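Asker: Mind folding the following:
(2 chains)
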Amino acid sequence: MSTIKTPIIFIVGPSGAGKSDAAFETAQRLGGEIVSCDAMQVYREVSVACDKPSLDTRKKIPHHMLDVVSVTQEFNAAVFRQLALAAIMEIRGRGKTPIVCGGSGMYMAFLLDGIFEVSAKDEGLRRRLQEEIHEQGTSVLHGRLAALDPAAAAKIHPHDAQRIVRGLEVALTVGRPLSEVQKERQGLWGQVPLRVFGLDRPRKELYERVEARVEQMFEHGLVDEVRALSGRTLSRTACAIIGIPEVTGYLKGEYDLARAKYLMKLNTRHYVKRQLTWFRRDQRVQWVEAGTEMPL
RNA sequence: GGCGUGGUAGCCAAGUGGUAAGGCAGUGGUCUGCAAAACCACUAUUCAGCGGUUCGAUUCCGCUCCACGCCU
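Answerer: This next block holds a predicted model:
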């Protein structure tokens, strides 16, 4: 299958750096196709809030991993990995260059490093653990994890309910330490030729761009988009899209439009900051100042 | 002009004669099936300014400046 030497190009980085434009240009230059690496653009019914590429853009260059599920469905990094991997391989199979573009750090990591297959998500067990956390507190459950998998517990803060639950879920279903199981992963890194570019620009600029984009979203019908969702039961993951809770609060009359915008800008800035710490620590990322051409 | 109240970090704000709570913002970080999530850490040599009382003042007194309110 891989007699084709087409490298895979990754373009990652914080929101507002200009990844989409860079990916589009790169795709045109190399005759490539874009694979979105974004945890929220997968939702069919949301476009404005997650800054999805325009239909016009999508007509010119094929985009994958957009609109793959409904907002009523849960989504996660493992599902993403499976679908995105299939798309990447399919594109390479046709002799074209896959350009993976997006700001979801963990999704990128799952593609690059793989995951361990032994412990899938277990809804029932997870719900039970969450109840226990609610009743007994995080520290008690953290203690239980420490007994089952000391190495994993040592790395998880006793307040971090989310990770304690997952740690316990793995420990109880696999019966082997997470640290050991993690060695069995196999991802794209080291298997196929690929380059990882991180797009960056000064923090102040990033914040300015992202805040201007929030204003634009309102001009482009964000409120209507969110209103259209109001009758439906959104999955927990879809609820996290920046813009949905903020605008919903406004629609319910909890605060005014200015407040909704303020909250969206604030949450986006926080998000940008977290993206930066994620990508900064990955030594494989080759940083490129926004505006300059990809050093292919 | 007179009287009153108040001036504590970028913002909100507690506070005491004994050496500055907390929240927000900001910054740094963690991250392996919710990740646009969750979690952690750091952040005022200084309390409008100048004098005074005191062993010691952000806290008490005086004056100045500023803000707000009321009166004229």
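Asker: Scan chain A for its longest strand.
Answerer: Longest strand of chain A, by residue count under DSSP state E: strand A:194-200.
Asker: could you check the angle strand A:194-200 makes with the next helix or strand along the chain from it?
Answerer: Along the chain past strand A:194-200, the next helix or strand (assigned with DSSP states H and E) turns out to be helix A:203-219. Direction vectors for helix A:203-219 and strand A:194-200, defined by axes from the mean of the first three to the mean of the last three Cα atoms, to 10 degrees, enclose an angle of 90 degrees.
Asker: Give me the mean pLDDT for helix A:203-219.
Answerer: Taken as a whole, helix A:203-219 has an average pLDDT of 97.
Asker: Please apply the same query to stretch A:266-273.
Answerer: Here stretch A:266-273 scores 97 as its mean pLDDT.
Asker: Ok, stretch A:180-187 next?
Answerer: Here the average pLDDT along stretch A:180-187 is 81.
Asker: swap in stretch A:113-128?
Answerer: Stretch A:113-128 comes out at a mean pLDDT of 81.
Asker: Okay, buried residues for it please.
Answerer: For stretch A:113-128, the neighbour count (16 or more other Cβ atoms under 10 Å) marks A:113-116, A:119 as buried. Where you see a C-beta, it was placed from the backbone N, CA and C, and this is true even at glycine.
Asker: Just send the residues you listed back as JSON lines, with distance to RNA strand B and secondary structure too.
Answerer: Listed next are the buried residues of stretch A:113-128 as JSON lines, based on distance: Cβ to the nearest atom of the strand, whole Å; DSSP: H, G, I helix; E, B strand; the rest coil:
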{"residue": "A:Asp113", "distance to RNA strand B": "6", "secondary structure": "helix"}
{"residue": "A:Gly114", "distance to RNA strand B": "7", "secondary structure": "coil"}
{"residue": "A:Ile115", "distance to RNA strand B": "5", "secondary structure": "coil"}
{"residue": "A:Phe116", "distance to RNA strand B": "6", "secondary structure": "coil"}
{"residue": "A:Ser119", "distance to RNA strand B": "6", "secondary structure": "coil"}
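Asker: who does the longest strand of chain A touch, helix- and strand-wise?
Answerer: The helices and strands touching strand A:194-200, judged by 3 or more Cβ pairs under 8 Å, 6 or more residues apart in numbering; DSSP states H and E, are strand A:8-12, helix A:19-30, strand A:286-289.
Asker: Pull out the buried residues from it.
Answerer: For strand A:194-200, by 16+ other Cβ under 10 Å, it's A:194, A:196-200.
Asker: Just name the closest of these to RNA strand B, please.
Answerer: If you rank those by distance to RNA strand B using Cβ to the nearest atom of the strand, A:Asp200 comes first, at 11.5 Å.
Asker: Name whatever forms a beta bridge with that closest one.
Answerer: Here A:Asp200 sits in beta bridges with A:Glu289, as judged by DSSP bridges.
Asker: My guess is A:Arg236 contacts A:Asn76. True?
Answerer: No - with contacts counted by Cβ atoms under 8 Å, A:Arg236 stays clear of A:Asn76, the gap being 10.3 Å.
Asker: quick one: which of those two has more around it?
Answerer: Residue environment comparison for A:Arg236 versus A:Asn76 gives the larger neighbour count to A:Asn76, 13 against 8, counting by other Cβ atoms under 10 Å.
Asker: Count the neighbours of A:Met65 for me.
Answerer: By other Cβ under 10 Å, the residues close to A:Met65 number 21.
Asker: show me what contacts the residue most central in space within chain A?
Answerer: Residue closest to the mean C-alpha point of chain A, counted by Cα atoms, centre = their mean, is A:Ser104 at 2.9 Å. Contacts of A:Ser104 were listed using Cβ atoms under 8 Å, 6 or more residues apart in numbering, and they are A:37-39, A:77, A:80.
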